[in-house]
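A.B. asks: Structure for the following, please:
(3 chains)
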Amino acid sequence: MSTRDNILASLRETLRQPDLPFPLLDSPPLTQAERMTVTSASGGLWAQAERFAQEIAAVKGTCELLETETEARLAIVSRLQIWVEEEQAARKTADAERAEDWDVLCWPPAQLHVEGLTHILKETGFKLIEPTDLHDPEQRERIRPVRAGVTSVEAAFASTGSFVVGAGGANARAASLTPFRHLVVVPFSRLFATAEDWLAEMRYAGGLDAYIRRSRNISIVTGPSKSADLEGNLTLGVHGPKVVHAILFDDVQE
Amino acid sequence: MHKATFERRPERVALFVTCMVDMLYPNVGIAACELLEKNGIQVSFPEEQTCCGQPAFNAGYRNEARKLARRFISIFGPLVDSGEIDAIVAPSGSCATMTSHFYEVIFQESNEPDLTIQAQRLAAVTFELTEFLVDVLGLVSTGAQLQGKAAYHPCCHLYRELGVDEQPRKLLAGVEGLELVELPHADDCCGFGGLFAIKNSGISAAMGRAKARYAQQSGADAVVLCDVSCMTHINGILSREGVDCRAQHIAEILNDQCGSNLRPPTDPTPTPADHPRRWGDVA
Amino acid sequence: MQVDIHAPYKDRIRQALGDPNLRVAVSKATDRMDNARNASMDEIEGERLRSQLRQMKQNVLRNWPDYLQELETNLRQNGCVVHWAEGIEDAQAIVKDIALQNSAKLVVKAKSMATEEIHLNHAMEEAGLRVVETDLGEYIIQLADEPPSHIVAPVIHKRMEEIAEVFQEKLDMPVTRDPTKMTSLARARLRKEFFAADIGISGCNFAIAETGTICIVTNEGNGRMVSSMPRVYVAVMGIEKLVPTVEDAFLQLQALCRSATGQQFTVYCSMTSGPRRKGDVDGPEQVHVVLLDNGRTRMFARGYGEALMCIRCGACLNACPVYQEIGGHAYGSTYNGPIGAVITPALAPEITQFKELPHATSLCGACREACPVKIDLPRLLLDLRSDLVQQGASPTTEALGIKSYSALMSSRRMYESLGKLASIGSNVYAGMSGGNIKFMPPPLNGWTAYRDFAPFARKSFRDWWKERSKKRQRA
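C.D. replies: Sure, this is the predicted structure:
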């Protein structure tokens, strides 16, 4: 018999033992109806957006809430400009200007839910890096020095300040991972009170399991990368971004 | 564990005094007995009782533990079954845990359904002293009077196996003149653990020293608790380390109506070499 | 003094207790994590979460082989390669083989207890590969050539100055104790490795059966790195780390984060359902999942299934007063603390191989109170002690002692005589040492090495009772 068959046979054999102390014979699954929602966030979308802001601040992220897509577009550009200035100021050396400062590792603009973003970014001097194959050594090298990444989200959870980034197709995982700073664009239509609300909606629509499989990878992100391994001292930006800034905007306009 | 509810106020109680109280700390047993009697309980003491078997059980010797468990059940079982007593009360969370939690476990294991049922029946009417005073008799105060500062240490079995915590705290709060102070890290184990104190004496003592440090920090004259085994350990450490504080069983505190001082003014500061207090002595 | 995990038990304990830095570092960190856990469970319906998680995990074990097969089928459908490993050698061979087939030279690893269990780093290095641990704490102990001492905080036993020394010595870091500078240095070093690595290896916090998804949880982002950057990604998972559905995964994830560090969510939870497909910008081209038994089926058959619900949050370590005194290395095993004291012997070919561990606990129950799955760890430790006795693994003197004690206690007459004898003897003896007893002969010298002992009462409770009864009769 193969190792696989041995393992499965052994488990079945054990489960047949009449006086097995554990698990009990009657061990029903946790049903959808009884499963609890761990956290909660009340109120309408704006109240939830405010809650998101509060929660992401608690984990050392930052956030802006905006009323329209137009404002969001401007906010994205000015945030990226501020970051360029910060990067240059931090270096304090003669070569304060680096061409890479204006690089932005980006999801395809169509995925960012903000019209005309590509245009305005290019206009203001940013260079959008949109790799096609990050196992290609040249493209891989190209993203290494990039300090800023821009992505949108699959969903965001108000009660915990978390967001979900999917992967696949032209949406690079690297955009929310390798740069020092991550700007995340969250339209209100993607904002949910809790993780469980999002799951329920997906499940109800009949696509949760298919979505999870199809994604190859999703990451739930809650704040900037951090560690407490150095005798409990909190340090940020260990491997992932040190700065996470969320721009939420009302695309629902009830 | 299912606890009995009494239709009428229980009147007759058998004291399961525990072997350590019997031989080392009779004052605790006397205090427990008097506390019950003062509250209108008729106390009996089945003299056949010895040890409940906990040391054997804890060390993994279940056959030996079962031997003593059978004996215990044969002594207390008929008293309960005949209605001669309404409840069994022990001035120890740990020994009450053994008889009311683990007897069932060991008889289930040995596949003795009759004894399992008997163990369950006894468990339903077995109470730790403060649990009985508060939950069954509905006491809020024992009318005790005492001067000094006390910190409460929840012993592990009492707190985590029996779930008894509010009861002793409530009764202590009702002691006139007693100032209750917070024991830092109160619910950390004192390190006793039965055979653990001998087998892993280094670790056990390190835990005990941590408890002694917290006792000192609390500024209490006495650490009050509901188990003489933990008391023996904490006092053994306090005495060895020369910390001017001691552990005392709650029964003695609750039964004191003389307004006596927890820290007698005549006591010189104890030193490791010459500890003036022999906490095991009968007064 | 550093703890040598290969030294005999007694020596390890002595070394641990003799290291004042260890206690400071460990107790500070465990207190912090324990308080954070308590606070975050109080924020929500913590009790309900624990009950629901327990119900879910118990159902997994009841239907364990079915869920495993469901997971396997779905992983394969997603394009992952599934391997089954019975023990340490097979598991090592499987991973080495993957490396060989891909002509790999450099491996980046995210912190994983399953790979510690199979001593994977050592095996890979012997096969000529370079292995780099990427969790900051794990990186530090790899540099210091030590095993992790805590399930979620591997370098918990080291203080800042000790960590700085490691960085100075191994990475030529200029003298500093600034955590930010040290983190930047590690980031820069490890970034190079992530970009150059051929294989990423991680454990698996849990796998979702219905979708065939491997989930790993990190705060630093190294979990995402190892599962995204290299061409080949290998996840080694214990076969018990299953959840049935996506919703169950989120329930466990939240319980795990809150119990481990008191966070609502860790910074990253990376859920991988398969390799990169045509048109994807990044992601691994191969995803391998190694399903590791290594004693789990044995432990299940032995009746210790309850501990297979463990989600490896480390809450029991943080709550444990013994762990606080001795840290992790003193246990001498991959898993330490209360859960380690249970599963180390229970997983081993013979439980007697680790006969000290079930006794390295005062059975205080703080672990059970902290456990998000409410595993009755004290009870399992007691069961192990009983099994050890049945297998004749306890010292003869102890067995004799317990047997004669139980014989003595079985007779009221002998019990009373013993009491009298002890009272007279101990009082005479105590009188000589001026109050309390300061020395007793072996094995009781274990007591008096650190503590005094009060002599037996001159008059027992039963003496008092008899006298009183007589008086009352006369009256």
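A.B. asks: List the contacts of C:Asp280.
C.D. replies: By CB atoms under 8 Å, 6 or more residues apart in numbering or on different chains, C:Asp280 lies in contact with A:Ala167, A:Gly168, A:Gly169, A:Arg216. To be clear about C-beta, it is placed using only N, CA and C from the backbone, and glycine gets the same treatment.
A.B. asks: Could you identify the buried members of those?
C.D. replies: A:Ala167, A:Gly168, A:Arg216 (16 or more other CB atoms under 10 Å in any protein chain shown).
A.B. asks: quick one, what contacts the second one?
C.D. replies: Read that as A:Gly168. Contacts of A:Gly168 by CB under 8 Å, 6+ apart are A:Arg214, A:Ser215, A:Arg216, A:Asn217, C:Arg277, C:Asp280, C:Gly283.
A.B. asks: returning to what we had before: how about the contacts of C:Asp280, which pair is most distant?
C.D. replies: With CB to CB as the measure, no two of the contacts of C:Asp280 lie farther apart than A:Gly169 and A:Arg216, at 9.7 Å.
A.B. asks: How about the secondary structure of A:Asp251?
C.D. replies: Judged by DSSP: H, G, I helix; E, B strand; the rest coil, the three-state class of A:Asp251 is coil.
A.B. asks: Determine the number of other residues adjacent to it.
C.D. replies: 17 (other CB atoms under 10 Å in any protein chain shown).
A.B. asks: from memory it sits against A:Glu69, does it?
C.D. replies: Yes. Look at A:Asp251 against A:Glu69 with CB atoms under 8 Å: they come within range, at 6.0 Å.
A.B. asks: hang on, the earlier thing: out of the contacts of A:Gly168, which one sits closest to chain B?
C.D. replies: Distances from chain B to those, taken as CB to the nearest CB, are shortest for A:Asn217 (42.2 Å).
A.B. asks: if we can go back for a sec, can you tell me which of the buried ones among the contacts of C:Asp280 end up in helices?
C.D. replies: Under the assignment DSSP state H, these contribute nothing to helices.
A.B. asks: quick check, nearest of those residues to A:Arg16?
C.D. replies: A:Arg216 (38.4 Å).
A.B. asks: Wasn't C:Met237 part of a helix?
C.D. replies: No. C:Met237 is assigned strand when assessed by three-state DSSP, not a helix.
A.B. asks: what's the neighbour count on it?
C.D. replies: Neighbour tally, C:Met237, other CB under 10 Å: 23.
A.B. asks: ok, residues contacting stretch C:363-372?
C.D. replies: By CB under 8 Å, 6+ apart, stretch C:363-372 touches B:58, B:156-157, B:159-161, B:187-189, B:193-194, B:196, C:34, C:37, C:49-50, C:53, C:255-256, C:258-259, C:311, C:313, C:315-316, C:318-321, C:337-339, C:374-378, C:381-382.
A.B. asks: just these that are near chain A?
C.D. replies: The residues of the contacts of stretch C:363-372 that also fall near chain A, by CB under 8 Å from any CB of the partner chain, are C:Leu49.
A.B. asks: Residue ranges in chain C under the pLDDT threshold?
C.D. replies: Confidence mapping of chain C against pLDDT under 70 gives the ranges C:1, C:433-434.
A.B. asks: could you pull out the strands for it?
C.D. replies: In chain C, the strands defined using DSSP state E lie at C:81-85, C:106-109, C:130-133, C:199-202, C:206-208, C:213-218, C:232-238, C:242-243, C:268-272, C:286-292.
A.B. asks: Would you confirm that A:Ala75 contacts A:Glu67?
C.D. replies: No. Counting by CB under 8 Å, A:Glu67 is not a contact partner of A:Ala75; they are 10.8 Å apart.
A.B. asks: Overlap of the contact sets of the two?
C.D. replies: If you check A:Ala75 and A:Glu67 against CB under 8 Å, 6+ apart, the residues they both contact are A:Phe249.
A.B. asks: Quick one: the helices in the stretch 51-200 of chain C, in order.
C.D. replies: C:64-77, C:88-101, C:113-117, C:120-126, C:136-143, C:160-171, C:179-196 (DSSP state H, counting those that start in this stretch).
A.B. asks: where does the chain dip in pLDDT?
C.D. replies: You didn't say which chain, so I picked chain A. Checking chain A against pLDDT under 70 turns up A:93-96, A:254.
A.B. asks: not what I meant, chain B
C.D. replies: B:1, B:264-283.
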